[in-house]
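Enquirer: Sequence plus the predicted model coming up.
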Amino acid sequence: MPCICDVLAAGCWLLAAGCCLLATGCAGHPLVRRTSRHAVYGAYLRGLMLERSSKLSDALVAYHEALEQDRQSPLLHVHLGSTYLKLGQTDRAMQSFERALAIDPNQPDALRWVAMLHASRGQLDQAVADYERLLGVGPSDHFVLSTLADLYVLQGNLAKAIQLYHRLIEEFGSSSQLHFNLGVLHGRLGQFDQALEELSRAVEISPESLDVRVALGLTYELSAQPARAAAHYEEAIRLDPFNPRLYHHAARAHLSARQFAEASTDFQSALDLTPRDLEAVMGAVRVWLAQDRFGQAEQFLVQKLKELGELPELYVALGVVYREAEHSAEAVRAFERAIDLRGEYPQAYFYLAAQLDHLGRKQDARWHLRKTLELDAEHSDAMNYLGYLDVEAGENLAEAKTLIERALELDPENGAYVDSLGWLYYKMGKLDEAIAQLERAATLLDTDPVIFDHLGDAYYKRRDLERARRNWQRALEMDPDETAIREKLDRSMSQEPVATSP
């Protein structure tokens, strides 16, 4: 199924439309004044015949001859413009169409040509205005409605595009393409229920449409329904079994649904089609890690190192496996080997920094984070991590604030970054700002016990014991082994709460 904006691909399609667009004849169009009627009419007919015979230069001569007798005929200016357009003289063509509109502002053929020329030149605002005028002239013109809807999409005016697609369905009936377009637009607006409704209608009409199946899969994933997403991806695979990207989609959804066997099978199918697909290799590793099957993940990567060679990406993946298995020394060696193989590999430095921090080697971790940023100045995770290390240490807070705020500029909805900013405010004694940021972090990332521990500390410092206990309890539910949080909670239970305003 083509993209909803392919109709605006621009360029040569304008020329192909020329002969049929203006085949209106002369009935109902008074070309001439009485004094020159026969001469103008003859020149017009000659120009029309020459234009249709592709004798374009001769057609221009005939149309100019007619215009010498009557310059107030919009139709003559339109035909002159269409001939210039076929000759590739778009500026002269536009001038002719504009002269026609100066005589008759609602001349439909001139409006169409001007609108299409503006669209082909990427002049979206002008094209939208032109097609809106055309819609006023012919409110039920299918071409105008659909083209204007597509232009609204390009313009980013999705709500107006949705209105026009619904109008097309009301006036001309349902089609898989229209419901697909509506589903995609609702999805872009985050309106997933409406998106699923429209895409489901599209798949009812065209159950064999690959694009609709993939769109349904993506929308079910975005609406946190991975099992249903996987089912549509599997249907897409049935339609196109040699497309490795479809196996990636299906595997990702199966993994989110904790359907590990199916995810593993799909990643392996992708590797069967493209044996050097490192993304599929990493995906297969994620399946093992999700099951805490570290030995199988290690064996798999060791085998891939033999098959594919000593690729630094494979050593980084191996380091992650060792890290999750709490084999710290092996993790460090794997990350260092990746750096040996590729000295300018920012992600390897980042993972090594995290591992060194885990081992208590804070200064070494800072050095490797700075090296990460030296190699990749936009590495927001490294910015946040480096800033957070200083916040935890209570030092370089001004620089830490700059780093964390820069990370948030790059990824404003990242809950971990928002938590870092809130914790920074806590360390600076700005409790109101701290709590505001930490509450937002808890909304953005409600599965991280650290955030709720920080919230508990902030509320406790403000002597709001009830909220402090509630957040510490939430953190313990996520990580029951955190003895430090349990001790804080136990100590608070012997204290009396102080009434505070929310």
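Expert: Cool, got the structure. Residues are numbered from 1 along each chain as shown.
Enquirer: The stretch 251-400 of the chain: helices as residue ranges?
Expert: Using DSSP state H, counting those that start in this stretch, the helices of the stretch 251-400 of the chain run over residues 260-273, 278-290, 294-308, 312-324, 328-341, 346-358, 362-375, 380-393, 397-410.
Enquirer: and the longest one, what other elements does it pack with?
Expert: Going back to what we said before, that points to helix 294-308. Here helix 294-308 touches helix 278-290, helix 312-324, going by 3 or more CB pairs under 8 Å, 6 or more residues apart in numbering; DSSP states H and E. The C-beta positions use only the backbone N, C-alpha and C, and glycine is treated the same way.
Enquirer: out of these, which comes closest to K427?
Expert: helix 312-324 (27.5 Å; CB to CB).
Enquirer: What is that closest one packed up against?
Expert: Applying 3+ CB pairs under 8 Å, 6+ apart, one finds that helix 312-324 makes contact with helix 278-290, helix 294-308, helix 328-341, helix 346-358.
Enquirer: Report the buried residues of the longest one.
Expert: It refers to helix 294-308. F294, Q296, A297, E298, F300, L301, K304 (16 or more other CB atoms under 10 Å).
Enquirer: Nearest to L111 among the residues you listed?
Expert: Nearest to L111 among the buried residues of helix 294-308, with distances taken as CB to CB, is K304, at 61.2 Å.
Enquirer: quick one: the closest one and V281 touch, right?
Expert: Yes: under the criterion of CB atoms under 8 Å, K304 makes contact with V281 at 5.6 Å.
Enquirer: which residues are in contact with both of these two?
Expert: L314 (CB atoms under 8 Å, 6 or more residues apart in numbering).
Enquirer: most packed of the helices and strands packed on helix 294-308?
Expert: Mean neighbour count (mean count of other CB atoms under 10 Å) peaks for helix 312-324 among those, with a mean of 23.
Enquirer: can you pull the contacts of the residue positioned nearest the centre of the chain?
Expert: The centroid of the chain falls nearest to R188 when counting by CA atoms, centre = their mean (7.9 Å). Contact partners of R188, counting by CB under 8 Å, 6+ apart, are L158.
Enquirer: Same list (the helices and strands packed on helix 312-324) but as JSON lines, adding distance to Y388.
Expert: Listed next are these as JSON lines, based on distance: least, CB to CB, whole Å:
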{"stretch": "helix 278-290", "distance to Y388": "24"}
{"stretch": "helix 294-308", "distance to Y388": "27"}
{"stretch": "helix 328-341", "distance to Y388": "20"}
{"stretch": "helix 346-358", "distance to Y388": "10"}
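Enquirer: Just send those helices back as JSON lines, with distance to A250 and mean pLDDT too.
Expert: Shown next, in JSON lines, are those (distance: least, CB to CB, whole Å; pLDDT from 0 to 100):
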{"stretch": "helix 278-290", "distance to A250": "11", "mean pLDDT": "97"}
{"stretch": "helix 294-308", "distance to A250": "19", "mean pLDDT": "97"}
{"stretch": "helix 328-341", "distance to A250": "29", "mean pLDDT": "98"}
{"stretch": "helix 346-358", "distance to A250": "26", "mean pLDDT": "97"}
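Enquirer: neighbours around G122, how many?
Expert: Using other CB atoms under 10 Å, the number of residues around G122 comes to 11.
Enquirer: Need the three-state assignment for it.
Expert: coil (DSSP: H, G, I helix; E, B strand; the rest coil).
Enquirer: How about the backbone phi and psi for it?
Expert: phi 80, psi 20 (degrees, to the nearest 10).
Enquirer: how about the helices in the stretch 101-250 of the chain?
Expert: Under DSSP H, counting those that start in this stretch, the stretch 101-250 of the chain gives helices at 108-120, 124-137, 142-155, 158-172, 176-188, 192-205, 210-222, 226-239, 244-256.
Enquirer: okay if I get the ones you listed as CSV plus distance to K461 and mean pLDDT?
Expert: Output for these, formatted as CSV (distance: least, CB to CB, whole Å; pLDDT from 0 to 100):
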stretch, distance to K461, mean pLDDT
helix 108-120, 60, 89
helix 124-137, 53, 90
helix 142-155, 50, 92
helix 158-172, 45, 95
helix 176-188, 43, 96
helix 192-205, 40, 97
helix 210-222, 38, 97
helix 226-239, 40, 97
helix 244-256, 38, 98
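Enquirer: can you redo those as JSON lines with distance to Y388?
Expert: JSON lines is the format used below for these (distance: least, CB to CB, whole Å):
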{"stretch": "helix 108-120", "distance to Y388": "49"}
{"stretch": "helix 124-137", "distance to Y388": "43"}
{"stretch": "helix 142-155", "distance to Y388": "41"}
{"stretch": "helix 158-172", "distance to Y388": "37"}
{"stretch": "helix 176-188", "distance to Y388": "33"}
{"stretch": "helix 192-205", "distance to Y388": "33"}
{"stretch": "helix 210-222", "distance to Y388": "29"}
{"stretch": "helix 226-239", "distance to Y388": "31"}
{"stretch": "helix 244-256", "distance to Y388": "28"}
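Enquirer: give me every residue that touches E330.
Expert: Per CB under 8 Å, 6+ apart, neighbours of E330: G319, Y322.
Enquirer: I meant A468, not that one.
Expert: G456, D457, Y459, Y460, S492.
Enquirer: Sort the residues you listed by pLDDT and name the bottom one.
Expert: pLDDT across those is lowest for S492, at 87.
Enquirer: picking that back up, out of the helices and strands packed on helix 294-308, which is closest to E197?
Expert: helix 278-290 (30.9 Å).
Enquirer: Against which helices or strands is that closest one packed?
Expert: helix 244-256, helix 260-273, helix 294-308, helix 312-324.
Enquirer: Report the buried residues of the first one.
Expert: Of the residues in helix 244-256, those scored as buried under the neighbour-count criterion (16+ other CB under 10 Å) are P244, L246, Y247, H248, H249, A250, A251, R252, A253, H254, L255, S256.
Enquirer: Excluding sequence neighbours, find me the nearest residue to the last one.
Expert: Excluding its sequence neighbours, the residue lying closest to S256 (CB to CB, 6 or more residues apart in numbering) is P226, at 3.7 Å.
Enquirer: How many residues are close by R133?
Expert: As a measure of burial, R133 has 17 neighbours, counting by other CB under 10 Å.
Enquirer: Surely it and R112 touch.
Expert: No: judged on CB under 8 Å, R133 makes no contact with R112 at a distance of 10.3 Å.
Enquirer: Overlap in contacts, these two.
Expert: Contacts common to R133 and R112, judged by CB under 8 Å, 6+ apart, are absent.
Enquirer: Show me the domain layout of this structure.
Expert: Using automatic domain parsing, the domain parsing of the chain gives 1-173, 239-291, 458-502.
Enquirer: Now, the contacts of A468 that are in helices?
Expert: G456, D457, Y459, Y460, S492 (DSSP state H).
Enquirer: Neighbour-wise, give me the winner out of those residues.
Expert: G456 (27 neighbours).
Enquirer: thinking again about what came up before, turn the buried residues of helix 294-308 into JSON lines, columns for distance to P312.
Expert: As requested, these are exported to JSON lines (distance: CB to CB, whole Å):
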{"residue": "F294", "distance to P312": "21"}
{"residue": "Q296", "distance to P312": "22"}
{"residue": "A297", "distance to P312": "18"}
{"residue": "E298", "distance to P312": "17"}
{"residue": "F300", "distance to P312": "17"}
{"residue": "L301", "distance to P312": "12"}
{"residue": "K304", "distance to P312": "13"}
